[in-house]
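1. Got a predicted model here, sequence first, then my questions.
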Amino acid sequence: MIYKALTIAGSDSGGGAGIQADIKTFQELDVFGMSALTAVTAQNTKGVQNVFPMTVQAVKEQISSIGDDMGTDALKTGMLFNADIIKTVAEAVHNYGWEKLIIDPVMIAKGGAPLLQNEAVSAMIQYLLPLSYVITPNIPEAEALTGISISSEEDKRKAAEKLVKMGTTFAVIKGGHDQDTFEASDLLFDGESFTVYSSERLPTANTHGTGCTFSAAMTAQLAKGHSIHEAVSEAKKFIQAAIEDDLKIGSGHGPTNHWAYRRKRGMSLEN
Ligand SMILES: Nc1ncnc2c1ncn2[C@@H]1O[C@H](COP(=O)(O)OP(=O)(O)O)[C@@H](O)[C@H]1O
Ligand SMILES: Cc1ncc(COP(=O)(O)OP(=O)(O)O)c(N)n1
């Protein structure tokens, strides 16, 4: 059986985040990756030098090229940049009846560059979020979407519950931006109960693209038919291995290692 996943996101010329991170992750997890580009960024480990958005027509046609012929088992969104692109994506997801939509609500790059226009947040809430299977905000993104200020575990739970009330099936609040210096903990709310996925917080600046990679790993696992709990658990292991085995490329926030998880798994099978 060949499983397929589509990413609708921006290109990161530096290869650590965006479309490039998504496709590398799909491949590592044995899923055939496809893409629809929303924007091209000139970007490296030091930051985003420029953003060139695609036209709505270009986004629409890339998605229909895939929808009309190849289909997909799951899809994820990353950088969507503006409200018109969000509406176009929502319309396509609705028309093709795609159910496993994973939204990584990318807003601001680690270096501070805006990857989503401010006025587009309400379009995401109104048009895309209600169509989603799971949304994976980091803490600032969860605050912007819910209006809840997050400084404790209880606040994270309230935000996750609110996201489900707003129309998604599952919410994962990622803890990379947490103040906890020992653990990086992600919180899943499945509509009934909460599960925390924790790992050692690794002391490295090379965390460029962690959100994209984590949500792409979840997308790949969901495309293969795994449950939401299995998908989050495996994605957490994937990103931990990728950060642990960082590549030390560039002079700023470097990329993670997308092949680390495969290598680690291979070594544990040999032993
Ligand atoms: N220093 C770190 N050590 C271990 N895991 C991390 C670290 N930073 C982020 N993560 C993990 O990477 C994933 C992405 O988290 P986060 O940084 O919050 O997202 P984003 O990249 O969207 O801002 C989460 O699973 C989070 O727990
Ligand atoms: C083209 C593009 N898309 C998304 C991001 C943000 O990726 P993320 O995984 O949130 O990682 P950081 O930017 O926080 O390192 C991006 N930078 N570029």
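-> Good, I have the coordinates. Ligands and ions are numbered 1, 2, ... in the order given.

2. switch to C-alpha atoms for all contacts and neighbour counts from now on
-> Will do.

3. What about K158, how many residues nearby?
-> 15 (other C-alpha atoms under 10 Å).

4. which ones are touching it?
-> Contact analysis of K158 by C-alpha atoms under 8 Å, 6 or more residues apart in numbering lists I148.

5. any bit of stretch 25-32 sitting next to ligand 1?
-> No: Stretch 25-32 does not reach ligand 1 (C-alpha under 6 Å from any ligand atom); its nearest approach is 13.5 Å.

6. So which bits of that stretch are buried?
-> Neighbour counts over stretch 25-32 (16 or more other C-alpha atoms under 10 Å) mark 25-29, 31-32 as buried.

7. any residue of it up close to ligand 2?
-> No: using C-alpha under 6 Å from any ligand atom, stretch 25-32 stays clear of ligand 2, coming no nearer than 12.2 Å.

8. distance between the ends of that stretch?
-> 10 Å (C-alpha to C-alpha, to the nearest Å).

9. what's the distance between it and the middle of its chain?
-> Between the centre of stretch 25-32 and the centre of its chain there are 15 Å (C-alpha atoms, centre = their mean, to the nearest Å).

10. ok, now stretch 247-255?
-> With C-alpha atoms, centre = their mean, you get 20 Å for stretch 247-255.

11. Tell me the buried residues in that stretch?
-> Quick answer for stretch 247-255 (16+ other C-alpha under 10 Å): 253-255.

12. That stretch - what's its average pLDDT?
-> Mean per-residue pLDDT for stretch 247-255: 93.

13. excluding its backbone neighbours, what's nearest Y96?
-> Excluding the flanking residues, the one nearest Y96 by C-alpha to C-alpha, 6 or more residues apart in numbering is G67, at 6.7 Å.

14. Lovely, talk soon.
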